[in-house]
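>>> pasting the sequence and the predicted model now:
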Amino acid sequence: MSRKNNTYSNELKLEIVQAYLNGEESMQKIADRYEIRNVSQVKAWVKKFKEVESIEAFNRLPSTGSGAKGVKNPLKGKRVHFKNVEEERDYYKAQVEYLKKQYPNL
């Protein structure tokens, strides 16, 4: 029997996260009440919300098994030859910002 992936609106995710952060119930009880299949999904939403602190946290949140890291590399496919120093500087600034998002604990 195949399993169907559920999709949840950003508003519902925000409601669930706020219910947990307000201390209404445990993550498990909240997951049960909102019929979320696994409590780890609620944990992921809470973690992401704490990082961003807005509903924007739920835009393009990758699934656990997708292999995605959640941050799109803005430099992928870009050329590495520069017309001037300013263009090269901007390129390296973008690389640094990308790496900061990928590895926030460094």
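Nice, I can see it.
>>> residue 6: what's it in contact with?
residue 37 (Cβ atoms under 8 Å, 6 or more residues apart in numbering). (Glycine included, C-beta is placed from N, CA and C.)
>>> next up, the contacts around residue 8.
Applying Cβ under 8 Å, 6+ apart, the residues near residue 8 are residue 36.
>>> what helix or strand is it on?
For residue 8, there is no enclosing helix or strand under DSSP states H and E.
>>> for it, give me phi and psi.
For residue 8, the backbone dihedrals are phi -120, psi 140 (criterion: degrees, to the nearest 10).
>>> distance of residue 44 from residue 85?
Distance from residue 44 to residue 85, counting by Cβ to Cβ, to the nearest Å: 42 Å.
>>> who has more neighbours, these two?
Neighbour count, other Cβ atoms under 10 Å: between residue 44 and residue 85, residue 44 has more, with 17 against 8.
>>> can you give me the pLDDT of the more buried one?
With respect to pLDDT, residue 44 has a value of 83.
>>> longest helix in this structure, by residue count?
helix 85-102 (DSSP state H).
>>> per-domain residue ranges of this protein.
10-58, 73-105 (the TED database).
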